[in-house]
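Novice: here is my input, please return the structure:
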Amino acid sequence: MKKLLIDTDLGGDCDDAGALAIANVLMAEGRCQLLGVTHTTSSPYNLACLQAIDEYYHHPEIPLGAYRGPLFIAGSQYERFDKDMAKAFPNRYSESNQPAVEAVRLWRSLLSEAADQSITLVGIGPFRNLANLLRSPADEISPLSGKELLERKVVESVFMAGDVQRHHYAEYNVREDIPSAQYVAANIPTPVVYLDFTRGEKVYCGQAFFEPGHENNPVAFAYTHYSNAARSSWDPLTVYYAITGEDGLFHLSEKGDLHFDDKGHTVFVPNPQGHSRYLKLAVSRKKAASVLDALLLRSSN
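Specialist: Numbering: from 1, shown residues only. I've put the predicted structure just below:
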């Protein structure tokens, strides 16, 4: 069974909510264990939204962690649904003002307790938290640095980032913090699989949420308050692969070295000894969307 740690920027887009829903559904089916979720922006509403989704899917115990640092991705332009969602659905953060565990501290704790080579690390937002984890020193939680913990405990990292096809496009998760993206790509000591922008852009899911009957589902709330139509599926595809592997939906590219230049552009150089690969769809976009939609609706009531 895959054991996941997920880092998200839920609030800036609704597809993060879809990704977390898929992880919860597959966890309920015994196909994965979601050990913890962190958010990587300064939004004051993110943890409440994450916990509301976990609560809806009957996993309120999942530990959550928050970014703590200089103001990062905050303001009304990033709050198209999360402020209202935090107020509309039960969650322990809105109701009690419960302080959040700092993201890197939560990661270090969960990684230190995990068996070697047992964790799949998933990033579906900018790389700020991930870079901070890699830079973290030994402490009272673990005598290992963050990089050493990742090398020992993580079997694979899966990131939604970049654009392998368009070499002069700076994808959002990279563009928002280019130095952190560069640092993680250059220093992460694990095999990495990337789901890039183009692969998920035209895989549209969530349309059924716009029909009556989903009013008590916080994920449906995210989709319908973010847009008026189905949304691209960058993050749901990333999480789906992290849990299921290729599973008929994907092919993996050849191995190579992937990095981001100073403008946030993606550079992939094939190398049989490289530790990075990227995903290619093995089915039509419509088929991929239908698989995701079936999961999104499986526990909607």
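
Novice: who are the contact partners of the residue positioned nearest the centre of the chain?
Specialist: For the chain, Ile124 is the residue whose C-alpha lies nearest the centre (Cα atoms, centre = their mean; 2.9 Å). For Ile124, the contact set (Cβ atoms under 8 Å, 6 or more residues apart in numbering) comprises 6-9, 16, 19, 159-160, 173, 234-235, 238-239. All C-beta spots, glycine's among them, are computed from the backbone N, C-alpha and C.

Novice: residues near the closest residue to it other than its chain neighbours, how many?
Specialist: Counting by Cβ to Cβ, 6 or more residues apart in numbering, Ile124 lies nearest to Asp235, which is 4.2 Å off, once chain neighbours are set aside. Burial measure for Asp235: 30 neighbouring residues, criterion other Cβ atoms under 10 Å.

Novice: Asp235 contacts Asp15, correct?
Specialist: Yes - using Cβ atoms under 8 Å, Asp235 makes contact with Asp15 at a distance of 4.3 Å.

Novice: quick check: neighbours shared by those two?
Specialist: Where contact means Cβ under 8 Å, 6+ apart, the residues bridging Asp235 and Asp15 through contact with each are Gly200.

Novice: look up phi and psi at the residue nearest to the centre of the chain.
Specialist: Here is the backbone geometry of Ile124 (degrees, to the nearest 10): phi -130, psi 40.

Novice: need the pLDDT of it.
Specialist: According to the model's per-residue confidence, Ile124 sits at a pLDDT of 98.

Novice: cool, Gln117 as well?
Specialist: In the predicted model, Gln117 carries a pLDDT score of 98.

Novice: same check, this time on Phe260
Specialist: Looking at Phe260 specifically, the model assigns a pLDDT of 98.

Novice: that older thread, okay, and which of the contacts of Ile124 map to helices?
Specialist: Counted as lying in helices by DSSP state H, out of the contacts of Ile124, are 16, 19, 173, 234-235, 238-239.

Novice: buried subset of those?
Specialist: Listed as buried from those are 16, 19, 173, 234-235, 238-239; burial here means 16 or more other Cβ atoms under 10 Å.

Novice: helices of the stretch 201-301 of the chain, start to end?
Specialist: Along the stretch 201-301 of the chain, counting by DSSP state H, counting those that start in this stretch, helices occupy 218-226, 234-244, 285-298.

Novice: flag the shaky bits of the stretch 51-200 of the chain, pLDDT-wise.
Specialist: When residues are selected by pLDDT under 70, those of the stretch 51-200 of the chain lie in 94-99.

Novice: which helices and strands sit right next to the helix or strand containing Lys147?
Specialist: Taking DSSP states H and E as the criterion, Lys147 maps to helix 146-153. Other elements packing on helix 146-153 under the criterion 3 or more Cβ pairs under 8 Å, 6 or more residues apart in numbering; DSSP states H and E are helix 103-113, helix 128-135.
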